[in-house]
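J.: Everything below, folded, please.
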Amino acid sequence: MAVGIAAAGMVMAAALPAAAEENNTMTVKYTEASTYTLKIPETVTLKENEVVTASVGLSAINVGANEAVGVRVKSGISGGKVTLTDENDATNTVSSTVSLTEDVSTGIKDNEVVAVFAGTSTTAVEGGTLYFSELGNVSAGTYSGTIVFEAGIEKQQTEEVKPKN
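T.: Residues are numbered from 1 along each chain as shown. From the prediction side, this is the model:
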């Protein structure tokens, strides 16, 4: 008899409609962080009578549509010039104007952004090439100076920065 009552209860439960859940949707999400890898030449050798170029850039980038990576000079350029000091005589220096154009008569500003990258392209949408003016007549010696760069992800004012193809 207990078996019959249990069976009747199961039949009754099967006959009742299932209660509907209020939330019948699922949100699926994924977040990929913006990333980049800065690529700066270790050494640039300047010349007495010729403009020298160097590329500053990224070897990898993946940023959002409203973001860009800006590369700027943090230190080492003052008044548009990099100063090189003779390794054997600190009083003996030479300087080179550093510009973003082939016209090296106007140097870059202190802390100026020298390259901008967007999307996933390692090709700069702005800048990327530094032009170093010729040194002129230089006394014998080995000269060196240092330029320090920094990069950062910046929000763009426009809706989207489109990389060059």
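
J.: Quick check, Val52 in contact with Thr45.
T.: Yes: at 7.1 Å, Val52 counts as touching Thr45 under the criterion of C-beta atoms under 8 Å. Yep, even glycine has a C-beta here, placed from its N, CA and C like the rest.

J.: Please say which of these two ends up with more neighbours.
T.: Shown here are Val52 and Thr45; by other C-beta atoms under 10 Å, Val52 has more neighbours (16 against 7).

J.: beta partners of that one?
T.: Under DSSP bridges, the beta-bridge partners of Val52 are Phe132.

J.: ok now the longest strand along the chain, how far from the chain's centre?
T.: Longest strand in the chain, counting residues (DSSP state E): strand 89-99. Centre-to-centre, strand 89-99 and its host chain are 29 Å apart (C-alpha atoms, centre = their mean, to the nearest Å).

J.: in that strand, what's buried?
T.: Applying a neighbour-count criterion of 16 or more other C-beta atoms under 10 Å, one finds Val94, Ser95, Ser96, Thr97, Val98, Ser99 buried in strand 89-99.

J.: Stretch 125-144 too?
T.: For stretch 125-144, burial by neighbour count (16+ other C-beta under 10 Å) applies to Val125, Gly127, Gly128, Thr129, Leu130, Tyr131, Phe132, Ser133, Leu135, Val138, Tyr143.
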